[in-house]
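Colleague: Provided below for reference: sequence and predicted model.
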Amino acid sequence: MLAIVSVDRQSEVPIHRQIYAAIRGSILAGRFGPETRLPATRLLAQHLAVGRNTVIAAYEQLLAEGYVEARTGSGTWVVRLLHHQAGPRHRQVSPGAGHLSRRGELVASRPQPQRTPGTINLHPGVPETATFPVSIWARLLAQNAKRRDDDIVSIHAFAGHPRLRQAIAEYLGVARGIDCAAEQVIVVTGAQAALDLASRILMDEGEPAWMEEPGYLGARSALAGSGARLVPLRVNQQGWRLHDPDLPPPRLIYVTPSCQWPFGTIMRMDERLHLIAIAAQHGSWILEDDYDGEYRFRGRPIPALRGLDGADRVIYIGTFGKTLFSALRLGFLVVPPELAEPFNRAVSVTGQFAPMLLQVTVADFIRQGYFASHLRRMRRLYASRQEHFIKLCREHLGQWIDVAENDSGMQVFGKLRLPFDDCTVAAAALRHGVDVQPVSINYGHDAPEHGLLLGYAALDEPITAKAINALRATFQELEDRRPNNRR
C-alpha cells in the first residue's frame, strides 16, 4: 500500500491533494477494497518524507467525502461503497446504450458551419470591429459594473432589463417603423436563441412550417429541432413563390424580407401584403428575421414587415451581433401583446436570458446616441467596401464566379460559372488561407445552386486584396485539376 502512494514534488498540485487523489483512485479502482486499513498518518508521512499534517489533510478530505471512516483506537478504514462497481474507468459502451432521443439525434445531426482561426474570414454576417468605439463601450461597461443596483446584480425580468426593452422599442419605432411597447420586446442570447425559442413555443410536432428555399441554415435547424415539418417556400433573385399550389396551410412562416438569405433579394410590397394576408387566413405566425435590415446602401432602410398595418401575426427577430459585434450574443424578439407573457415565462424555463450588465450597457449605448452614429458610419463603410470588393472580384475572379452587388447586407452572393461543387471550393479555399461559406448548405429540398456567400464587411483594403488573391489561387488550382485540362 505504501508503494502505491507517491508524490511529485515538481507538480503544481499541492502534495495533500496528490495523496488524496492517489488513495481515492485506488479505492475506486478496487485496489483498496472495503475494510482495508490505511497506513497510519505518521508512517505514511515518514514514507513520503512530508509533514504529518499534510497526510492528515488528505485523510480528512477522504473522510469528508465518505471514502473512509475513522475508528477510535483502530485507525482509518476504507468503507464499502454500495453503489460503486470497481473496474476500468473507460469502458466500452454497448450499441444503443444511452442513445439520444429522436429529437436529440435530429438536433445533433444538423450541419454547423465552422470558422477556422488564423484564416481570412469571408463568412457572411461578420461585422467590422476594428473601428468599433471600444473606448465608449468600455466606459459605459465600467460605469455599470461599479453599480450595485438590485436590477443589475439580480434577475427580476426574465424577458430583459426594462431599460433595454424600452430602448429597443423606441429605436425600432424610428428606424424600422415598428410600433410596439417595451413589454412586447423579449431579450435573449442572440438571434439563434430567438429562433429556437419561437419555434418551440409556436410549433407542435409535425405541424407544417414554410421555410425559405434556399434559406438560413440556423433557422432550418431551429424549426427542425422543434419538430416542425419543413415545407419549402421557394425563393430566387426575383422573389418569393407565395402562389405555389404545393404549399399547405402553414402553422408558421419563416422569411428574411429585408435582405433574403442567401440571395440578398428585398421583398416587394405586394409580396409583403400577400404574406400578411396568408397568415391572417390560416391563423399562422410569421417569423421575420431582420438580421441585416439596418444596412441598406441606397435610400433609407425599408420598414420592417412587422411595421405594416395588419401585421399582428408577425414576430420580429433582431440581433446586436450584426450591428455591434458577434461575441456580444444579444438578440431580441418583438411579439404580439398576447404572446408577451408566454414568451417571458418561456425564457425563464429555457435559461436564454442575457447578462444584465451587458443589457444595461447596450441600453446606454442606444439611449446616448452612440448606436445610431455607429450604424451611420457602418452604412457608409460597408457601401464603400462592397463596391471595392465586387470590383476586385470582377477583375480577378470573373472567369470563375459571378458576384452580384446588393442594395443591403454584409455579404454578396457569388454564383459559380464552372461546374464546381461549392463545398469543394470552400475546402480548397481553406487550404489557401481563406474561410468561405458554400451556398449549397442553405438548401433543404431542391437540387442546390452552387456558389459562395462572401462576407466583405470586416475586411479592409489590404486584407481584401489578400483574400481575392487567395481565391484566385484556389480557382486556378481547381481548374488545373479538371479532367479536360489534363494532358
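Modeller: Happy to help now that I have it.
Colleague: remind me which residues of the stretch 51-200 of the chain are low pLDDT?
Modeller: Scanning the stretch 51-200 of the chain for pLDDT under 70 picks out the ranges 83-98.
Colleague: which residues in it form helices?
Modeller: Using DSSP state H, counting those that start in this stretch, the helices assigned to the stretch 51-200 of the chain run over residues 52-64, 102-108, 134-145, 150-153, 162-175, 191-202.
Colleague: which element follows the last one toward the C-terminus?
Modeller: Okay, so that is helix 191-202. Toward the C-terminus, helix 191-202 is succeeded by strand 208-213 as the next helix or strand (DSSP states H and E).
Colleague: what's that following strand packed up against?
Modeller: Based on contacts counted as 3 or more C-beta pairs under 8 Å, 6 or more residues apart in numbering; DSSP states H and E, the elements that strand 208-213 packs against are helix 217-225, strand 229-236, strand 252-255. Glycine gets a C-beta too; all of them are placed from N, C-alpha and C.
Colleague: okay, the ones you listed, which one's buried deepest?
Modeller: Among these, strand 252-255 has the highest mean neighbour count (mean count of other C-beta atoms under 10 Å), at a mean of 26.
Colleague: Could I get the average pLDDT for that one?
Modeller: Across strand 252-255, pLDDT averages out at 98.
Colleague: returning to that earlier point: just so I know, which of the helices of the stretch 51-200 of the chain lies nearest residue 431?
Modeller: helix 102-108 (28.2 Å; C-beta to C-beta).
Colleague: which other helices and strands contact the closest one?
Modeller: Judged by 3+ C-beta pairs under 8 Å, 6+ apart, the packing partners of helix 102-108 are helix 217-225.
Colleague: Please identify the buried residues of the helix ranked longest in the chain?
Modeller: In the chain, taking DSSP state H as the definition, the longest helix is helix 370-396. By neighbour count, and taking 16 or more other C-beta atoms under 10 Å as the criterion, the buried residues in helix 370-396 are 371, 374-375, 378-379, 382-383, 385-386, 388-390, 392-393.
Colleague: and after it, which helix or strand comes next?
Modeller: Once helix 370-396 ends, the next helix or strand along the chain (criterion: DSSP H and E) is strand 401-403.
Colleague: okay, now the domains of the protein?
Modeller: The chain breaks down into these domains under automatic domain parsing: 15-78, 133-370, 373-485.
Colleague: Please tabulate these in CSV, including the columns distance to residue 125.
Modeller: Formatted as CSV, the entries for the domains of the chain read as follows, by distance: least, C-beta to C-beta, whole Å:
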stretch, distance to residue 125
domain 15-78, 46
domain 133-370, 6
domain 373-485, 6
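Colleague: In TSV, list the helices of the stretch 51-200 of the chain along with distance to residue 346 and mean neighbour count.
Modeller: Output for the helices of the stretch 51-200 of the chain, formatted as TSV (distance: least, C-beta to C-beta, whole Å; neighbours: other C-beta atoms under 10 Å):
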stretch	distance to residue 346	mean neighbour count
helix 52-64	41	17
helix 102-108	17	12
helix 134-145	27	14
helix 150-153	21	13
helix 162-175	16	19
helix 191-202	5	23
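Colleague: want to try TSV for those, with distance to residue 270 as columns?
Modeller: Converted to TSV, those look like this (distance: least, C-beta to C-beta, whole Å):
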stretch	distance to residue 270
helix 52-64	72
helix 102-108	36
helix 134-145	42
helix 150-153	45
helix 162-175	24
helix 191-202	26
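Colleague: Let me know which of those helices is the nearest to residue 419.
Modeller: For residue 419, the closest of the helices of the stretch 51-200 of the chain is helix 102-108, at 32.2 Å, according to C-beta to C-beta.
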